[in-house]
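**Student:** got a predicted structure here, sequence first:
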Amino acid sequence: MRATALLAPTLREAPADAEVVSHKLLLRAGFIRRVAAGVYNYLPLSMRVLKKIEQIVREEMDRQGGQELLMPILQPAELWQESGRWDVYGPELFRLKDRHDRDFALGPTHEEIITTLVRGEVNSYKQLPLLLYQIQNKYRDERRPRFGLMRGREFIMKDLYSFDRDEKGLEKSYMKMHEAYTRVFQRCGLHFRPVEADSGAIGGSETHEFMVLAESGEASILFCESESCDYAANVERAAQINQPDNGKEGMNKLAEKETPDCRTVEEVTRFLGIPPQEIIKTLLYETDTEVVAVLVRGDRDVNEIKLLNLLGCLRVDLAGENTIKKVTGASRGFSGPVGLQGVKIIADLEVPSIVNAVTGANRDHVHLLNVNPGRDFSIDILTDVRMVEAGEPCPRCGQELKEARGIEVGQIFKLGDKYSKLLGATYLGESGKAKPIIMGCYGIGVTRTMAAAIEQNNDLDGIVWPAAIAPFHAVVIPVNTKDPEQVALAEKIYTNLTAAGVETILDDRSERAGVKFKDADLIGYPLRIIVGAKAVSENTFEVKVRRSGEVTVVPGDKLEQTVLEMLSDL
RNA sequence: CGGGAUGUAGCGCAGUUUGGCUAGCGCGCCUGCCUUGGGAGCAGGAGGCCGGGGGUUCGAAUCCCUCCAUCCCGACCA
């Protein structure tokens, strides 16, 4: 490819409406242009990267026995109504009508379509297991599209669905995908971590997210620092170690204390001169059907995801002032479990071992001292409902947990029989009895992976592509395009490298060298080969590695071989 | 959806407070000269429904109303 023929409009200044680094660089380096919020044109450089990621994904899916197919983006409402998700999915589902006023949706995911397909075509256990996948555009009308390609409304995703006879088969498929995903992100040259995650609204039991580690990641993950332990979890999911009940020695007599205007844990600790660990924080949550009190240690935060799962409801919200007043008789900041009537009391595992705790008194400007769980109030549900923090012991091995930030680029899910039951996808077992097909679903955000790769691989000058997904492997730059010898030489090595299988771009623009260097850095080609005066006089070429900045002078007859060797190390 | 901000040439911005010449600047783009190892220089040039609509006014980028779009922060997600 010649630079003069390539549509790669680089910008000297980053567009003002880009904030995150991948968005800025994708725009500046001429990879994408915005069409609408969360909707982009993918220019030729992008297309090359996306195709490479897709190819890696394809190869790894196929390696595990996956079969590629293609399902429609445009999906009739009936299928979504049948699964119940036409109502449940909410405003995130793009909906439209055809000329006959029939409802359709743009597919945000394909459980409905594929389960219906398999329902019709698979009847016998002999046809299972199946791994079916596609790579195509997905549509989600996000509340807030942002961060360029990281959260678009239209994005490319690989979605694979597994169909098995039973849980054992599902486990096998799940492991295959776990391995496939690990290989995919390894081959893409990314630093990543599979983490345990919450299964959320899609339902199902076990799920892992594949996180590309980057400071800018939206997700916070906790992982065990021990070499031998591979525990890693999304903070939403991270579990705490079981707390020992260290007895109830030295319980003091319950007492009241005036605490004027002390509503927050911070205010109470300052006023009373006690550490927050001695406070039991009481938070009231409203669900669709009830109000519950959640108790955590004063220095902890409630994990609303855990609470949601515990209560099995769709939403929990912190109660408003009115509800608090109705339930406790006091205003916000003075709630406590002692004497609290008519609401379920849910306590975090740490709560029972707090001796002589401070809580709200359910009266304005009063707190209780020497509150002891069990003696002064009873707990309805004792469970893990709080956020686990870095520095706490790993729930598996007890070593310290560390924190990192990540970008979720893939997720694997055990669905079980959820969709097969809803949509009636069954097969006949050997006994001749109909059983629901056991399913799993597995997604990789292809466009997001491209963005994540940039988030993880960039410097002040631009993108630093891992060679496996770089749009081109190398750029050949003749320093002076007015020098016919340099141009001829550049043409020659461009031809030779291309013939040797190196994806090469020849920067044949009659720009000054500096301009070409800047663009090369910005676009992030892994290798740069400079054809200058010395190349003409001595037949030696400078090969510069984008990532390290390291320059190697290579004689002309060794060039192709050296470049190939260097690439295999990137 | 709540909160904040922005919309002027392909990109980055000034001008708007206090209405008034032909709407400016830098980069990019085109032509020519010159230059060619890190976004050079000189000269000439093209490019604007000042987000849209409505209003106020002798006169609107500027004031008022309204709609739209985009970005950022929160609750959701590949």
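**Tutor:** Perfect, I can see it now.

**Student:** with adjacent residues omitted, what lies nearest to A:D159?
**Tutor:** A:G443 (5.0 Å; C-beta to C-beta, 6 or more residues apart in numbering). Any C-beta I mention is one placed from the backbone N, CA and C, and that applies to glycine too.

**Student:** next secondary structure after whichever strand or helix holds that neighbour?
**Tutor:** In the assignment (DSSP states H and E), A:G443 maps to strand A:438-445. Sequence order places helix A:446-456 as the next helix or strand after strand A:438-445, per DSSP H and E.

**Student:** against A:A238, how distant is the nearest residue in space to A:N372 that is not next to it in sequence?
**Tutor:** Closest residue in space to A:N372, ignoring its immediate chain neighbours: A:M251 at 5.0 Å, by C-beta to C-beta, 6+ apart. For A:M251, the distance to A:A238 (C-beta to C-beta, to the nearest Å) stands at 32 Å.

**Student:** the two: who's more crowded?
**Tutor:** Using other C-beta atoms under 10 Å as the criterion, A:M251 and A:A238 rank with A:A238 on top: 28 against 15.

**Student:** thought the more buried one was touching A:S220?
**Tutor:** No: assessed by C-beta atoms under 8 Å, A:A238 is found out of contact with A:S220, at 9.2 Å.

**Student:** and the residue in the stretch 301-450 of chain A positioned nearest to RNA strand B, what's its pLDDT?
**Tutor:** At 2.6 Å from RNA strand B, A:G445 is the closest residue in the stretch 301-450 of chain A, using C-beta to the nearest atom of the strand. pLDDT for A:G445: 96.

**Student:** and it, what does it touch?
**Tutor:** Applying C-beta atoms under 8 Å, 6 or more residues apart in numbering to A:G445 gives the contacts A:F155, A:I156, A:M157, A:E408, A:V409, A:G410.

**Student:** contact partners of the host helix or strand of A:V358?
**Tutor:** Using DSSP H and E, A:V358 falls within strand A:357-363. With C-beta under 8 Å, 6+ apart as the test, strand A:357-363 has contacts from A:256, A:268, A:272, A:274, A:278-280, A:282, A:298, A:328-330, A:333-340, A:366-373.

**Student:** dump whichever helix or strand comes after that strand to PDB, restricted to CA.
**Tutor:** For strand A:357-363, the succeeding helix or strand toward the C-terminus, using DSSP H and E, is strand A:366-371. The C-alpha trace of strand A:366-371 is given here as PDB (Å, rounded to 0.1, in the frame of the first residue of the first chain):
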ATOM      1  CA  VAL A 366     -29.300  10.800  68.900                       C
ATOM      2  CA  HIS A 367     -27.000   7.800  68.500                       C
ATOM      3  CA  LEU A 368     -26.800   4.600  70.600                       C
ATOM      4  CA  LEU A 369     -23.500   3.500  72.200                       C
ATOM      5  CA  ASN A 370     -22.500   0.000  73.100                       C
ATOM      6  CA  VAL A 371     -24.900  -1.700  70.600                       C
END
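
**Student:** picking that back up, so what pairs up with the residue of the stretch 301-450 of chain A closest to RNA strand B in the strands?
**Tutor:** A:M157 (DSSP bridges).

**Student:** for the strand or helix carrying A:L564, buried residues please.
**Tutor:** Under the criterion of DSSP H and E, A:L564 resides in helix A:559-568. Residues of helix A:559-568 classed as buried: A:L559, A:E560, A:T562, A:V563, A:M566, A:L567 (neighbour count, 16 or more other C-beta atoms under 10 Å).

**Student:** what number of residues lie near A:Q134?
**Tutor:** Residues near A:Q134, counting by other C-beta under 10 Å, number 18.

**Student:** list the contacts of it.
**Tutor:** If you count contacts by C-beta under 8 Å, 6+ apart, then A:Q134 has A:E68, A:L69, A:L70, A:M71, A:H110, A:K158, A:D159 around it.

**Student:** which residue packs closest to A:V35, ignoring adjacent ones?
**Tutor:** Spatially, and ignoring its direct neighbours in sequence, A:V35 is nearest to A:N41 (5.8 Å; C-beta to C-beta, 6+ apart).

**Student:** surely the one you found is in a helix?
**Tutor:** No: applying DSSP: H, G, I helix; E, B strand; the rest coil, one finds A:N41 to be strand, outside a helix.

**Student:** in this structure it contacts A:L27, no?
**Tutor:** No: taking C-beta under 8 Å as the definition, A:N41 is not a contact partner of A:L27, at 10.9 Å.

**Student:** list residues touching both of these two?
**Tutor:** In contact with both A:N41 and A:L27: A:R33, A:R34, using C-beta under 8 Å, 6+ apart.

**Student:** among the contacts of A:G445, which pair sits farthest apart?
**Tutor:** A:I156 and A:E408 (15.3 Å; C-beta to C-beta).

**Student:** ok, back up a step: what comes into contact with the helix holding A:L564?
**Tutor:** A:467, A:473-474, A:493, A:496-497, A:500-502, A:526-527, A:529, A:541, A:543, A:545, A:552, A:554.

**Student:** mind giving me the PyMOL select for those, buried ones only?
**Tutor:** Buried residues among the contacts of helix A:559-568 (16+ other C-beta under 10 Å), as a PyMOL selection:
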select buried, chain A and resi 467+473+474+493+496+497+502+526+527+529+541+543+545+554
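
**Student:** in chain A, which residue is most central in space?
**Tutor:** What sits nearest the mean C-alpha location of chain A, by C-alpha atoms, centre = their mean, is A:E408, with 1.3 Å.

**Student:** that residue pairs with what?
**Tutor:** A:M211.

**Student:** hang on, it packs against A:F210?
**Tutor:** Yes: A:E408 is within contact range of A:F210, at 7.1 Å (criterion: C-beta under 8 Å).

**Student:** briefly note if whichever strand or helix holds A:Y161 comes near RNA strand B.
**Tutor:** Assigned by DSSP H and E, A:Y161 belongs to strand A:154-164. Yes: part of strand A:154-164 sits near RNA strand B under the criterion C-beta under 7 Å from any atom of the strand, namely A:F155, A:M157.

**Student:** say whether RNA strand B is contacted by the helix or strand that comes right after that strand.
**Tutor:** Counting by DSSP H and E, the next helix or strand C-terminal to strand A:154-164 is helix A:167-187. No: Helix A:167-187 lies out of reach of RNA strand B by C-beta under 7 Å from any atom of the strand, never closer than 10.3 Å.

**Student:** report the buried residues of helix A:167-187.
**Tutor:** Judged by neighbour count using 16+ other C-beta under 10 Å, the buried positions of helix A:167-187 are A:169-170, A:173-174, A:176-178, A:180-185, A:187.

**Student:** and that helix, how far out from the chain's middle?
**Tutor:** In terms of C-alpha atoms, centre = their mean, to the nearest Å, the centre of helix A:167-187 is set 17 Å apart from its chain centre.
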